[in-house]
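Student: generate a structure from the sequence data that follows.
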Amino acid sequence: MQTKKCQVLVIGAGPGGYVAAIRAGQLGLSTIIVEGEKAGGTCLIRGCIPSKALIHAAHQFHKLAKHASNDGHMGISIPGPAELNMGNLVSWKEGIVTRLNKGVEHLLKNAGAELIIGWAEFQDAKTVKVGEGKDATIIQAEHVILANGSVPIELPFMPYDENVISSREALTLEELPKHVAIVGGGYIGLELGITFRMLGSEVTVVEAMDSVLPIFDKELRRPLEISIKKQKIKTHLGVFRKRC
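Tutor: Just a heads-up that it's a prediction; the model follows:
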């Protein structure tokens, strides 16, 4: 077991945590940042970036389908339909995520902040333990910044299993599901729903409110509602409210 001391300890290397650690390091403060998984946070590792990569690939796949039709498209035709390999698609997406993750690690290193991978367990207000047994590290800090993020929440009547997954697992599926039911018509659910539909899955969106993207203005929702209809995505709106 080893002990480290620092002026600033940051818990969580997401966009809040790693930016704080970089700035603290730039100001000349001895800084340690602890991350349970990969530096970059939800957006970079399991949110915005990987979802946009899959969306881009889905659009490319969808465009190729037009060129494989009888008369082709724009005077361009291909011999047969494009084939999707979900394992290779996920690997390509992970390659993008890994490059950006290494970029964040490089920025932390250049700023003089030390990155430690592991889960931090508080011993007291300014002391944490990372790891177990002889490999554990005790970190004592003068100041602590909590940027530990969040995790998906299970519905009481739908615990996660092989068939019920969160958006995080949806981004790592190596087989294309035949039918996907999206619970929640927010932008994350719709991103995933449209992506899987363009790749070939049947998609149903279930939303408790009376419209998809319920917190957005009607003018902003309208183009997406048209796209959902065009993609033949089924929607069930106001479901939970009607049951109450």
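
Student: please make it C-alpha for all contacts and neighbour counts, starting now.
Tutor: Will do.

Student: which residue ranges make up each domain of this structure?
Tutor: Structural domains assigned to the chain are 1-152, 176-239, following automatic domain parsing.

Student: this structure: helices as residue ranges?
Tutor: 15-26, 41-46, 48-67, 86-111, 167-170, 187-199, 218-230, 239-243 (DSSP state H).

Student: how about the nearest residue to the most far-flung residue of the chain relative to its centre, chain neighbours excluded?
Tutor: Distance from the centre of the chain peaks at Asp71, with 38.5 Å (C-alpha atoms, centre = their mean). Among residues not flanking Asp71 along the chain, Ser77 sits closest, at 7.0 Å (C-alpha to C-alpha, 6 or more residues apart in numbering).

Student: wouldn't that neighbour be in contact with Ala65 here?
Tutor: No - here Ser77 does not reach Ala65: they are 9.5 Å apart, not a contact under C-alpha atoms under 8 Å.

Student: and the residue nearest to Asp71, how many neighbours does it have?
Tutor: 17 (other C-alpha atoms under 10 Å).

Student: what's the separation between His59 and Lys102?
Tutor: His59 is 27 Å from Lys102, where distance means C-alpha to C-alpha, to the nearest Å.

Student: cool, and Ile215?
Tutor: Between Ile215 and Lys102 the computed distance is 35 Å (C-alpha to C-alpha).

Student: between these two, which is the more surrounded one?
Tutor: Lys102 (14 against 10).

Student: quick one, what contacts the more buried one?
Tutor: If you count contacts by C-alpha atoms under 8 Å, 6 or more residues apart in numbering, Lys102 has none.

Student: what does Ile76 give?
Tutor: With C-alpha under 8 Å, 6+ apart, Ile76 has these contacts: His67.

Student: below-threshold pLDDT in this structure: ranges please.
Tutor: Under the criterion pLDDT under 70, the flagged ranges of the chain are 239-244.

Student: before we move on, back to that, between the helices of the chain, which one is closest to Pro156.
Tutor: When these are compared for distance to Pro156 using C-alpha to C-alpha, the nearest one is helix 239-243, at 13.9 Å.

Student: what's next to stretch 81-97, contact-wise?
Tutor: 44-45, 49-50, 53-54, 57, 61, 64-65, 68-69, 171-176, 199.

Student: again but with stretch 210-230, I slipped
Tutor: Residues contacting stretch 210-230 (C-alpha under 8 Å, 6+ apart): Gly185, Gly186, Tyr187, Ile194, Lys234, Leu237, Gly238.

Student: try it again with 7 Å
Tutor: Gly185, Gly186, Tyr187, Leu237, Gly238 (C-alpha atoms under 7 Å, 6 or more residues apart in numbering).

Student: which of the residues you listed are buried?
Tutor: With burial judged by 16 or more other C-alpha atoms under 10 Å, the buried subset of the contacts of stretch 210-230 is Gly185, Gly186, Leu237.

Student: pick the one among these closest to Met209.
Tutor: Leu237 (6.0 Å).

Student: bridging residues for the closest one?
Tutor: Glu207 (DSSP bridges).

Student: and Asp235, what does it touch?
Tutor: No, residue 235 isn't Asp; it's Thr. So Thr235 contacts Thr204, Val205, Val206 (C-alpha under 7 Å, 6+ apart).
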